[in-house]
Each structure stands twice: as structure tokens, then as C-alpha cells.
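[1] how would this look folded up:
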Amino acid sequence: MWSIKVWDPVVRCFHWGTALLFLANFAVLDDDSPAHRYAGYALFALVLIRLVWGVIGTKHARFSAFWPLFSEIKAHFVELFGGRPRLYLSHNPLGAVMVYNLLATLVLISVTGIMMVSDTFWGVDWVEGLHEFFANYALVCVGLHIVGVLVETKRSKINLVRAMVTGQKEIPDYTN
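    Alright, predicted model coming up:
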């Protein structure tokens, strides 16, 4: 077993801050409350910081470290169903697809939320409908993300939740 620093504090704060703010806005805060709006602004700020950090951040935080190619996604599916686990220091290909999906979805939730409080789109039903659709879609994706983390943790024997808390991935020796 060996350990490597993978997730820097910016990535970890983004991840857990996003999780808390999304959960608060989706399940706790009243949709029409100022707290919901401010939590949404804070969430959007985190997403913007992560987008910038994905370009200028540390090695494993950069989007270039986990840009999923179709061939890698296909190979990862094969690995999932009987192949030997491959070591991915950053995100595996399916995890990378989910990262990009969730970032795009959070941008869409934020933009439609901002539109809803603007003079131009105040009370426009289709904007509110899109906002709710993307929020519900994000919730489904979060569920799939959690399932994926649990499956990959069991399969790879790397505790991915601990890695996102500590920043360190504990890598087992696959050669045994």
C-alpha cells in the first residue's frame, strides 16, 4: 500500500461545499427564501472557482488530467465487468464524465436561478420549469455519483470518500 496526494484543498472544499449547498437548497431551504438565493449564489461562485481551478490548478485538479476519451470510457466499461482494476490517480473515465455533467448541470441551475430573479424573467414559467428540471436531474446524478463511488471503492480497494476528505489516495498493491 502506498499513498499519494491527489486532491488539493480547493478541490476538496469545492466538492464538500457544493454537496452541502446543493443539499441545503434542494431539501432544507424554502425555494422562495433569500437563504435559498444566497446559497445558490455561493454554489455558483464555487462552480466558477472550480472551472478556473480546472485550468490553472494543481496537476490532478486540472481538467486535462481527466479528459475522458471515448476509447477510455469503453475500456473502463470492460474493466467494470470483469477486467482488472486500472489505477486512476485523478478521476476514472466514467467519473470524469460525471464531473463534467455535474458542473454543466450546476451552471444551468445557477443561470436559470439568476434568470428567475431578474426583471426580464420574473414569473416566467418555463424558466422556473427548467430550474426545477435541472435541480431534479442533478439529484439523480448525485445518486449515480454516490453509487459509482461505492462501486469503484469496492472494486479498486481505494477508499474514495476518505481520499476526498484527506486529499490522499491510499493505493493498494495490485500485483498481489
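[2] just the C-alphas of stretch 116-129, formatted as CSV.
    In CSV, the C-alpha atoms belonging to stretch 116-129 read as follows (Å, rounded to 0.1, in the frame of the first residue of the first chain):
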residue,chain,number,x,y,z
MET,A,116,-35.8,33.8,-12.2
VAL,A,117,-34.9,36.8,-10.0
SER,A,118,-34.2,39.1,-12.9
ASP,A,119,-36.8,41.7,-14.1
THR,A,120,-36.8,40.1,-17.6
PHE,A,121,-37.7,36.5,-16.5
TRP,A,122,-39.5,37.2,-13.2
GLY,A,123,-42.5,34.8,-13.0
VAL,A,124,-41.8,33.2,-16.4
ASP,A,125,-43.0,29.6,-16.0
TRP,A,126,-40.6,27.9,-18.5
VAL,A,127,-37.5,29.4,-16.6
GLU,A,128,-38.8,28.0,-13.3
GLY,A,129,-39.6,24.7,-15.0
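[3] check the offset of that stretch from the chain's centre.
    27 Å (Cα atoms, centre = their mean, to the nearest Å).
[4] stretch 130-140 now?
    From the chain centre to the centre of stretch 130-140 is a distance of 14 Å (Cα atoms, centre = their mean).
[5] ok, stretch 163-170 next?
    Taking the mean of its C-alpha atoms, stretch 163-170 sits 16 Å from the chain's own mean (Cα atoms, centre = their mean).
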